[in-house]
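J.: I'd like to go over a predicted model; first the sequence, then the structure.
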Amino acid sequence: FILSLSLFVSCSSDKNWIVLFDGKTVQGLRGYKQSAFPKGSWTVVDGALKSIPENGIDLISEEIFEDFELELEWKVEEGGNSGVFYFATEKSDKIWHTAPEMQVLDNKFHTDGKNSKTSAGALYDLIKPVIKNVKPAGEYNQVVIISKNKLIQHWLNGEKILEYDYQSNAMWKLVDKSKFKDMPYFAKATKGSIGLQGDHGEVWYKNIRIRNL
């Protein structure tokens, strides 16, 4: 798995990783369109950052990223739904109006699992994963998202499940057929924040770290 990423990942040591959540402390994350971390919307449970969906607020990284490698693990409740965003901006009221999203989902019990383009690991509503290897609700899934020179890769549980050229003509054709077609800020940024969706049900994230490439 590590060797499979060698074309994208530099020979950086562990000191180059920016740890956003280490199991105890959240660093470098705040609420979307907020100045601080929304403590009433997320809590730390058993080494994981868990959403409190009734007070749901999406998280966004304070730092901006362009070429990066992001690693994290997630699990959801039965029927759960969340997402990992990148190139997010705060030009709209909702983070998903601006940012591409790797879908986080219980494929078995959530209706989005019936559509490959909205299933776990997909580039939400745009590109389906070529491999279906998501673990069931209650089990952790390992994610790697890589951005390098506008080539984006989604990895899930050690396998590359999709890749695409960001802002290419092919991508815009997919956007024109999607729910994002009339959203003026969607995928317009070439660099932005990492985001975690917190208002679509209970989700747990852990071992969240990122590095610039």
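T.: It's in. Numbers count the residues shown, from 1 in each chain.
J.: grab the nearest non-local neighbour of Glu73.
T.: What sits nearest to Glu73 in space, not counting adjacent residues and going by CB to CB, 6 or more residues apart in numbering, is Tyr140, at 4.6 Å. Heads up, the C-betas are built off the backbone N, CA and C, glycines and all.
J.: quick check, pLDDT for the one you found.
T.: Looking at Tyr140, its pLDDT is 98.
J.: now swap in Lys39 and tell me
T.: In the predicted model, Lys39 carries a pLDDT score of 87.
J.: hmm, back to that, next up, the contacts around the residue nearest to Glu73.
T.: Tyr140 makes contacts with Glu73, Trp74, Lys75, Trp204, Lys206, as judged by CB atoms under 8 Å, 6 or more residues apart in numbering.
J.: so the last one makes contact with Glu71?
T.: It stands for Lys206. No. Between Lys206 and Glu71 there is no contact under CB atoms under 8 Å: 10.6 Å.
J.: so which of those two has more stuff around it?
T.: Lys206 (19 against 16; other CB atoms under 10 Å).
J.: in stretch 167-177, what's buried?
T.: By 16 or more other CB atoms under 10 Å, the buried positions in stretch 167-177 come out as Gln167, Met171, Leu174, Val175.
J.: actually, stretch 86-99.
T.: Buried residues in stretch 86-99 (16+ other CB under 10 Å): Tyr86, Phe87, Ala88, Thr89, Ser92, Ile95, Trp96, Thr98, Ala99.
J.: farthest-apart pair in those residues, please.
T.: Pairwise distances across these (CB to CB) peak at 15.5 Å, for the pair Tyr86 and Ser92.
J.: of the contacts of Tyr140, keep whichever come out buried.
T.: Buried, going by 16+ other CB under 10 Å: Trp74, Lys75, Trp204, Lys206, out of the contacts of Tyr140.
J.: so the last one: helix, strand or coil?
T.: Spelled out, it's Lys206. Counting by DSSP: H, G, I helix; E, B strand; the rest coil, the backbone at Lys206 sits in strand.
J.: OK, contacts around the closest residue to it other than its chain neighbours?
T.: Nearest non-adjacent residue to Lys206, counting by CB to CB, 6+ apart: Ala48, 4.3 Å away. The contact partners of Ala48, by CB under 8 Å, 6+ apart, come to Gly23, Lys75, Trp204, Tyr205, Lys206.
J.: check Arg211 too.
T.: Arg211 makes contact with Ser12, Asn16, Trp17, Ile18, Phe68, Glu69 under the criterion CB under 8 Å, 6+ apart.
J.: for the spatially most central residue of the chain, what are phi and psi?
T.: Centroid-nearest residue in the chain, with CA atoms, centre = their mean: Val84, separated by 1.6 Å. Main-chain torsions, Val84, degrees, to the nearest 10: phi -110, psi 120.
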